[in-house]
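**Q** would you be able to build a 3D model of this:
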Amino acid sequence: MEGDEDWNAFLQDHPIFNPTKGKRVASANDDVSLELSLNTLPDFTTDDFAPDGPTPSGRRQVMVIKDYDLILAVGNEIRMASLGDAKLSRSHGVSDQKTYKVLNTPNVGFDIHQMVINPNGKFLAVAGAFYVAVVVLPRPGFTRLVSGAVDCKSISIGQYYHTLKEAPIAKIDWHPWGDGGTTLLVLTADGKLREYDIAVGVEEPQQVLSFVPDKKFQSYLAEDDSEREVASFTLGKGKADWGPLSIYAVMRSGDVYAICPYMPQNALVPSSYVHALECFVAAKQEFLTQSEGEPTSASTSSSNSLATIYDYQRKYVNALLKQSPPGTTFPSSPRMVLMHPPATIRAQPIRQGPFLLQPAPRSLEGSEGGDATDITYLSFGADGDDRREAEGETERLGVVLVAFQDGKVDLFLDVEKVEARWERKHRSNKAELPMLAVYESIDLGIVSALSQVSSRKGEPPVLDLIHGNHPVLLRDPINDETIYVYHAFGVHVIELGSLLQKLANALRDDVSNEGDDSLGASLEASEGAMVRPLVTTFSVERKCSNPVTAVTIPNDVYLTYSIFILTSALRIVTFPLTLQSEAPSTSAEKSTPDPKEDVLLIENPKDGPPAYISFLSEPYSPPSNLASASGFPSNPRLAVPVKGEIQLTPDTLRYLASTVERLTGQMHEIQLAYRNAELRAQLQAQEFRRQQEKSKDILALSESLQGKRQEQTNQKISEVQARQKELLDRTNRILRAMMKSASPELSEHETKWFEELKRLQREIKGSTRYDQESLSGRTSQLHREFDRLLPSLKELRQKEQRLQKRMSEMNGMSGLGVTQAFEFGSRSSKERARINDIESDIVKLAAKLDLTLSRPPSSQETQEQPKS
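**A** Just a heads-up that it's a prediction; the model follows:
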């Protein structure tokens, strides 16, 4: 079942998509509750706190694929069908019975709006408008053994916090680093993000993050309600920064906030990431220390603030390192390590934002704007890939996408990622806000499509249906550079591969060119993201739409690599996708030959004309309208329920005319592409014939060169070599004769010079071989004598070293060495001589004065020495 028709044919009439509901379905009007029209628009825009109403949360994901099983929620009933069995039966030519199993979940008594499978595929989180529950899925293959309904354990989550009286559910998701895949994140519209670990407890959250500060008593805030209502959240990404520990949220007003750091209470963290984060924080601290220049009041305060933040970050990272078991230090192989948020820092992570959007995003033409509905974060390179060349300067660059009701998708570049910050008592009010660089505002064309539909007199414009729209962003699980946007009017695909590749090349060129104007020129020349419509669900005839309630893609290519789209009318649409290489642009650049290089290989010397000029100056590239790398259709598929005959109205005629015009234009482009391809084929055929003729000429020339002409050439070369030898001999004879005639005998000075050379040779080498008086013999004798004396010299040196060591130990208190002791002795001898002179002078003076003196100390010492 590799084709699109096979999956559509198999799933189109599958009973799992039967809207007929069982006894457990609560509401009876769900067939029309999600049909968006001017009549049902108030149900989408008015806050109706009914348990299963379409509001206040418009996010829908009622179909997921787990391994080979398709799971669908119809009302509060969960159904499961095996796609793997169907594929196996069709591949063997066996007609498979289209059946499904119902999962019996007693604690799920609400209509399901969202479903998310945990990372290990064991648990299914389901959420309605106000309630959340977790269903334990049956093990693979168990459903084949059960004929009826499959009993599954279901657990209600946070019954005290998620009720009709509390804030509605905005989004649920599993944290990828949760221990055992049991960490569930639940975001409510009031800005509270609660973390539940179903392996520990399901009633009380492990952690609570707040994206909306609480209002103070008797205070007034000049804020709109949309600025205090959260629409969605997403987790950050990164490799050696705070990205994986960051969480982003978008308000209905479009403001983006972030909280960092955030780690699940029981998290499995890669050991390599912790060590990379340690290096990142250490580099930040070192850079801050080196950049401190002349102290000023402003620089001193900012430096002190950054130093305090980095100190907190260092404490946080050190607390994580202490939890690492032995054997995980770098450069050991990375592994997942169980960690908990450090308790050494009691301060709570602070909410950072709102992000400054520079430059300001543009508004769509003809739209008054709309609320933000979803946000997603993309890393520049897929996690775990090997694109080392493109990671050097871009590995820390992230991409943020924010979707709005009017079909606008803002693409931001996270140039300066947020870092860990905590609340402080004395926090500066002039804190710098984080920034997102606005790269592009993508228009899905919803406003222009609805503006072309006319409305009757007394009816509101059809453009008002935008207020009931809720676009959702979905990442392709295999190709991270592809984003799907499904909404109330269809599905669009946004391809970011070429955009990100050009941006990476621009950044790499900017670094190699040392920051000249090449980056700005590259960004101005680069094109935007590629946007294509896949499915449209808006009926121009009925002026209503069946919103898309689920889009899912299997993450197992052995099953299929296709996209499954489900509308609110339970109509399934599938498209086969094409697997792309990891670096398509890089491989294309390598595989495409350079025509200039080919010309240089076959051209004559620089001054002469080229030996051969080809008709094919450039390599052939297929037209873009014929070659689709991803396999997406060129025209969107219309997925609306057909009820009776189509009524011709001006709007339907206008829609048919525009569709026919578009198809005619595409047909014309295809015809032109066909003609260009045909001309190219003819040109290549002519070039092939020319090359064949040229090859024949070259072969004939080579054969002629290999025959008699080659023998003649070899014979001529032999004759030339013999003649050259004769000329060399004759030249030598003439040269000797000229030398003999010019100087027949040696001069007197030359004779003396040669005799002196002979004498020096005798002195150096000796008259005989064993002459010991020669310089070479004396040198050998000296070398032998040196080898004989070397051991005794080494022994004397060792004795001297031992003596020096003993003297240094004796003079350890004074710290005198041998040289210093010798100098001190010489100075002492001089002083003794002066003392003796003075004593002799005193004795002489006493003799003249007839005085009797005692013996001087020197004479006493001389007399005492013999006694001793």
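**Q** okay, helices next: where are they in the stretch 751-868 of the chain?
**A** Along the stretch 751-868 of the chain, the segments classed as helices by DSSP state H, counting those that start in this stretch run 775-810, 818-848, 857-867.
**Q** how about the stretch 201-350 of the chain?
**A** 271-291, 297-322.
**Q** again with the stretch 601-750 of the chain
**A** Ranges of helices in the stretch 601-750 of the chain, per DSSP H, counting those that start in this stretch, are 650-706, 708-742, 748-765.
**Q** related to what we said a few turns ago, can I get the helices of the stretch 751-868 of the chain in TSV including mean pLDDT and distance to residue 161?
**A** Every residue, glycine included, has its C-beta placed from N, CA and C. Shown next, in TSV, are those (pLDDT from 0 to 100; distance: least, C-beta to C-beta, whole Å):
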stretch	mean pLDDT	distance to residue 161
helix 775-810	85	79
helix 818-848	82	84
helix 857-867	57	103
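**Q** quick revisit: need the helices of the stretch 201-350 of the chain in CSV with distance to residue 852 and mean pLDDT, can you?
**A** Below are the helices of the stretch 201-350 of the chain laid out as CSV (distance: least, C-beta to C-beta, whole Å; pLDDT from 0 to 100):
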stretch, distance to residue 852, mean pLDDT
helix 271-291, 80, 87
helix 297-322, 83, 81
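**Q** any idea which of the ones you listed gets closest to residue 495?
**A** Nearest to residue 495 among the helices of the stretch 201-350 of the chain is helix 271-291 (29.3 Å), distances taken as C-beta to C-beta.
**Q** same for that closest one, what does it pack against?
**A** helix 297-322, strand 336-339 (3 or more C-beta pairs under 8 Å, 6 or more residues apart in numbering; DSSP states H and E).
**Q** need these in CSV (columns: distance to residue 103 and mean neighbour count).
**A** Output for the helices and strands packed on helix 271-291, formatted as CSV (distance: least, C-beta to C-beta, whole Å; neighbours: other C-beta atoms under 10 Å):
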stretch, distance to residue 103, mean neighbour count
helix 297-322, 39, 15
strand 336-339, 31, 17
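**Q** residue 448 reaches residue 406, doesn't it?
**A** No: counting by C-beta atoms under 8 Å, residue 406 is not a contact partner of residue 448; they are 10.5 Å apart.
**Q** higher neighbour count, the two?
**A** Neighbour comparison, residue 448 and residue 406: the larger count goes to residue 406, with 23 against 14 (by other C-beta atoms under 10 Å).
**Q** relative to residue 227, how far out is that one?
**A** Distance of residue 406 to residue 227, given as C-beta to C-beta, to the nearest Å: 18 Å.
**Q** if we can go back for a sec, can you redo the helices of the stretch 601-750 of the chain as JSON lines with mean neighbour count and mean pLDDT?
**A** Below are these laid out as JSON lines (neighbours: other C-beta atoms under 10 Å; pLDDT from 0 to 100):
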{"stretch": "helix 650-706", "mean neighbour count": "12", "mean pLDDT": "84"}
{"stretch": "helix 708-742", "mean neighbour count": "10", "mean pLDDT": "88"}
{"stretch": "helix 748-765", "mean neighbour count": "11", "mean pLDDT": "86"}
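**Q** many thanks, I have nothing further to ask.
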